[in-house]
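Visitor: Provided below for reference: sequence and predicted model.
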Amino acid sequence: MRRLKEDRLKQEQQTEENAPIRRKRSKWTIIQWFLIPLLLVLSLGGGLTAGYVVLGHKELSDVFQWSTWKHVYDLVFAP
């Protein structure tokens, strides 16, 4: 009788070990998927603004114009 119980326990443990493990995603993991890219975009914008205004001595309103960054791109990658 004792041997039967031991065999059943071993079989249950083997089936539990072979079963696929389903991990539950935590809230922090989901937040990271949105928080990290958002912080990267904000830091890029802050760095571009600080570099253009502080180092370049230009006006803050020029930072938000597309033509400004097109001109910078053309200067950097001109042939």
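Guide: Alright, I've got the coordinates.
Visitor: Leu42 sits in which helix or strand?
Guide: helix 27-50 (DSSP states H and E).
Visitor: C-terminal to that helix, what's the next element?
Guide: helix 66-76.
Visitor: what is the orientation angle of that following helix with helix 27-50?
Guide: 80 degrees (axes from the mean of the first three to the mean of the last three CA atoms, to 10 degrees).
Visitor: Other residues contacting helix 66-76?
Guide: Here helix 66-76 makes contact (CB atoms under 8 Å, 6 or more residues apart in numbering) with Leu48, Tyr52, Asp62. In short, each C-beta sits where N, CA and C put it, glycine included.
Visitor: Please identify the helix or strand for Lys5.
Guide: helix 2-18.
Visitor: Any chance of TSV for the contacts of helix 66-76, columns pLDDT, neighbour count and distance to Pro79?
Guide: Below are the contacts of helix 66-76 laid out as TSV (pLDDT from 0 to 100; neighbours: other CB atoms under 10 Å; distance: CB to CB, whole Å):
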residue	pLDDT	neighbour count	distance to Pro79
Leu48	88	14	24
Tyr52	89	18	24
Asp62	89	14	25
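Visitor: Keeping just the C-alphas, turn stretch 26-43 into CSV.
Guide: Extracted in CSV, the C-alpha atoms of stretch 26-43 (Å, rounded to 0.1, in the frame of the first residue of the first chain):
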residue,chain,number,x,y,z
SER,A,26,3.4,41.4,-13.6
LYS,A,27,2.2,44.9,-13.8
TRP,A,28,5.7,46.2,-13.6
THR,A,29,6.7,44.3,-16.7
ILE,A,30,3.8,45.8,-18.6
ILE,A,31,4.6,49.3,-17.4
GLN,A,32,8.2,48.9,-18.5
TRP,A,33,7.1,48.2,-22.1
PHE,A,34,5.5,51.6,-22.2
LEU,A,35,7.6,53.6,-19.7
ILE,A,36,11.1,53.0,-21.1
PRO,A,37,10.3,54.0,-24.7
LEU,A,38,8.4,57.1,-23.4
LEU,A,39,11.4,58.1,-21.3
LEU,A,40,13.8,57.6,-24.2
VAL,A,41,11.7,59.8,-26.5
LEU,A,42,11.4,62.5,-23.8
SER,A,43,15.2,62.4,-23.2
